[in-house]
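Asker: could you look at this predicted model? Sequence included:
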Amino acid sequence: MKLSRKFVSDYIDINDDINTVAEKMTGVGNEYDSAGKLINASNLVIGEVLECDMHPDSDHLHVCKVNVRDEVLQIVCGAPNVRKGLKVIVALPGAELPGGTIKKGVIRGVESNGMLCSIAELGLDHKFLKEEDINGIHELPKDAPVGEDPIKYLELDDEVIDFELTSNRGDLLSILGMAYELGAIYDEKVKDIDLTYTQNSENISDEFKIKVETENCQMLLAKKVKNVTITESPEFIKNRLIASGIRPINNVVDISNYVMLETGQPLHFYDAETLSGKLEVRMATKGEKLTTLDGIERTLTEENIVISDGKKAIGLAGVMGGLETEVTDNTKNIIIESAIFNPVKIRMTSKEILRSEASNRFEKGLDPIEHIWLLKDLVIYYKNMLEQKLLVD
C-alpha cells in the first residue's frame with residue numbers, strides 16, 4: 001500500500017517529515033520499503049523557448065534560447081517537439097535527476113547550459129506516461145509561470161511511503177484506514193467524510209434488477225449515473241492515483257479507483273446499455289468462459305464467483321470485470337456495482353487466475369456495516385464532479 005501525503009492530508013494533519021512518519025508507523029508494526037518524494041529531482045524551473053534554430057552540425061538537434069525569468073539560457077535539445085513559444089521544464093546546471101547530474105557542456109561545438117525535460121526524465125514510471133511524454137519534452141500549458149517550480153505547478157510535489165503490510169491489516173488498505181492509524185499514533189482527530197448528497201426521485205429498481213444466487217456474496221448494491229461524458233480526470237485525482245501506484249485512464253475508471261483507495265471498498269462500473277437491465281451474482285459453471293478486461297479469455301470452475309447479466313458471466317467477482325461490458329469513450333449511462341464477497345473464494349480465484357488491487361482488498365475481508373455509506377461516498381464524488389462540470393453533462 002502506497003500512502004500519499006497529499007491524499008491522507010484530507011483527513012488528518014501531520015507535520016512531521018515523511019521519513020519520521022514512516023518510522024513512527026514502523027514503531028507500531030507497519031514496516032515500509034521506501035519513503036520520499038514522488039518526483040525526486042532538484043533545481044528545476046519553468047522556462048519559455050524564445051528562439052529555436054537547427055543545430056549547425058546536426059539534422060535533429062536544436063539550439064534554443066530559453067527564458068527562465070532571471071536569465072536567458074542557451075540549451076541544445078534533441079526533442080522532436082521543441083519549438084519557439086513552448087513552455088517547458090528546464091533542468092538547470094547542477095540539477096539532480098534520476099539519470100544523473102546536469103552539467104554545462106558543449107554538444108557538437110555548441111554550448112549548452114541545462115536540459116529541457118520530459119516527464120520520464122524526472123523519474124516517473126513509464127506506465128503513467130503518455131507516448132508524447134516518453135518521446136519528447138513535456139509541453140506545459142501556455143499560462144505556466146516562467147521561473148516557478150514545475151513540480152509544484154504540476155501538483156506532483158507529493159511524498160509517498162510504500163508500506164509492506166501484514167495480511168491481518170486489511171484495514172490499512174485505504175487512505176482512511178491509514179489516517180486512523182496515524183491519528184492513534186499522533187493523537188490527532190481524523191476528519192469525517194461529508195456524506196450529505198442529493199439524488200433524483202427515480203428508483204433504479206423500476207428499470208434495473210439485482211439478484212444474489214450464492215451464499216458467497218454477502219451484499220450487493222447498485223447505483224445508476226446517467227448522461228456521463230468520458231474525459232480526463234482532474235489533475236488532483238490523476239496525481240493521487242499516480243502517487244498510489246495506479247495509472248489514470250479516464251474520469252469514470254479513475255473515480256472508481258480513487259474511491260477504492262480512499263475507503264478500501266472496490267467498485268466496478270458497467271456500461272448500462274450492455275446489461276439488459278439485470279445484474280446477478282452466482283457461481284460459475286465448470287468450463288464457463290469469460291474474457292476479462294485485460295483481453296484474456298479465462299476458463300472458470302464452480303469455485304469462482306461471477307457477475308452475470310442473467311445469461312452469461314460478465315465479470316470475475318472481486319477480481320476483474322469483463323471486456324464485454326467495459327466503459328468506453330461512447331458510454332453514456334453507467335451502473336455502479338458495490339459488493340462484499342467471500343474472502344476465501346476471492347483468495348482462491350486470485351491465486352488461480354489473477355491478482356488485482358480489488359482482490360487484494362476483498363480477500364482480506366470488508367466490513368459490511370461500513371459498506372452502505374461507502375457507496376454513498378461515491379455518490380458525493382459524482383455530485384461534486386457534476387457541480388464542477390468534470391464528469392456529467
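Answerer: Right, received. Where do you want to start?
Asker: in stretch 257-269, what counts as buried?
Answerer: Counting neighbours by 16 or more other Cβ atoms under 10 Å, one finds that the buried residues in stretch 257-269 are 257-269. Where C-beta positions appear, they are placed from N, C-alpha and C, glycine not excepted.
Asker: and N40, what does it touch?
Answerer: When contacts are counted by Cβ atoms under 8 Å, 6 or more residues apart in numbering, N40 touches 98, 123.
Asker: quick one: it is in a strand?
Answerer: No: following the definition DSSP: H, G, I helix; E, B strand; the rest coil, N40 is coil and is not counted among the residues of a strand.
Asker: now it: how far from L124?
Answerer: Here N40 is placed at a distance of 10 Å from L124 (Cβ to Cβ, to the nearest Å).
Asker: for V253, same thing?
Answerer: Applying Cβ to Cβ to V253 and L124 gives a distance of 19 Å.
Asker: F236 reaches D158, doesn't it?
Answerer: No: applying Cβ atoms under 8 Å as the test, F236 and D158 come out as separate, 10.3 Å apart.
Asker: so those two - more neighbours on which side?
Answerer: Summary of the neighbour comparison: F236 and D158, criterion other Cβ atoms under 10 Å, with D158 having more neighbours (20 against 12).
Asker: so what's the more buried one closest to, chain neighbours aside?
Answerer: Nearest in space to D158, with sequence neighbours left out and distances taken as Cβ to Cβ, 6 or more residues apart in numbering, is L38 at 4.3 Å.
Asker: count of neighbours near that neighbour?
Answerer: As a burial measure, L38 scores 20 neighbours (other Cβ under 10 Å).
Asker: and the pLDDT at it?
Answerer: In the predicted model, L38 carries a pLDDT score of 95.
Asker: does it really touch I161, like I thought?
Answerer: No: with contact taken as Cβ under 8 Å, L38 and I161 are classed as non-touching, separated by 11.0 Å.
Asker: now the strands for the stretch 251-393 of the chain?
Answerer: Counting by DSSP state E, counting those that start in this stretch, one finds strands in the stretch 251-393 of the chain at the ranges 268-271, 278-283, 289-291, 297-299, 305-308, 313-316, 320-321, 334-341.
Asker: for N15, find the nearest of those strands.
Answerer: With Cβ to Cβ, the closest approach to N15 among the strands of the stretch 251-393 of the chain belongs to strand 334-341: 35.1 Å.
Asker: name the helices or strands packed onto that closest one?
Answerer: Counting contacts by 3 or more Cβ pairs under 8 Å, 6 or more residues apart in numbering; DSSP states H and E, the secondary-structure elements packed against strand 334-341 are strand 217-225, strand 268-271, strand 278-283, helix 368-387.
Asker: name the residues that touch the second one?
Answerer: Under the contact criterion Cβ under 8 Å, 6+ apart, strand 268-271 has outside partners 252-253, 256, 279, 307, 314-315, 321, 325-328, 331, 333-337, 358.
Asker: which of the residues you listed are buried, as a ChimeraX select command?
Answerer: When burial is assessed using 16+ other Cβ under 10 Å, the buried subset of those is captured in ChimeraX by this command:
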select :252,253,256,279,307,314,315,321,325,326,327,331,334,335,336,337,358
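Asker: which residue, other than its chain neighbours, is closest to D53?
Answerer: The shortest distance from D53 to any residue that is not its chain neighbour, by Cβ to Cβ, 6+ apart, is 5.2 Å, and that residue is V63.
Asker: which SSE is V66 in?
Answerer: For V66, the element it lies in under DSSP states H and E is strand 62-67.
Asker: the helices in this structure, which residues?
Answerer: Taking DSSP state H, the helices of the chain run over residues 5-8, 18-27, 131-135, 150-153, 175-186, 235-243, 251-263, 343-352, 357-362, 368-387.
Asker: nearest to K286, out of those?
Answerer: Ranking the helices of the chain by their distance to K286 (criterion: Cβ to Cβ) puts helix 343-352 first, at 13.8 Å.
Asker: show me what the closest one is packed against.
Answerer: The contact analysis (3+ Cβ pairs under 8 Å, 6+ apart) places helix 343-352 against strand 305-308, helix 357-362.
Asker: most tightly surrounded among the ones you listed?
Answerer: Mean neighbour counts were compared across the helices and strands packed on helix 343-352 using mean count of other Cβ atoms under 10 Å; the top stretch is strand 305-308, at a mean of 24.
Asker: from L366, how far off is the residue nearest to D53?
Answerer: Distance check for V63 against L366: by Cβ to Cβ, it reads 59 Å.
Asker: just V319 next, same as before
Answerer: Computed as Cβ to Cβ, the V319 to L366 distance reads 14 Å.
Asker: so the residue nearest to D53 sits against Q74, correct?
Answerer: Yes: under the criterion of Cβ under 8 Å, V63 lies in contact with Q74, with a separation of 6.6 Å.
Asker: find residues that contact each of the two.
Answerer: Taking Cβ under 8 Å, 6+ apart as the contact rule, V63 and Q74 both touch V110.
Asker: thinking again about what came up before, out of the helices and strands packed on helix 343-352, nearest to S167?
Answerer: helix 357-362 (10.3 Å).
Asker: burial count for L86?
Answerer: When neighbours are counted by other Cβ under 10 Å, L86 registers 20.
Asker: for it, which non-adjacent residue is spatially closest?
Answerer: Ranked by Cβ to Cβ, 6+ apart and with sequence neighbours excluded, the top spatial neighbour of L86 is V49, at 4.7 Å.
Asker: the one you found bridge partners, please.
Answerer: Note on V49: beta-bridge partners V66, judged by DSSP bridges.
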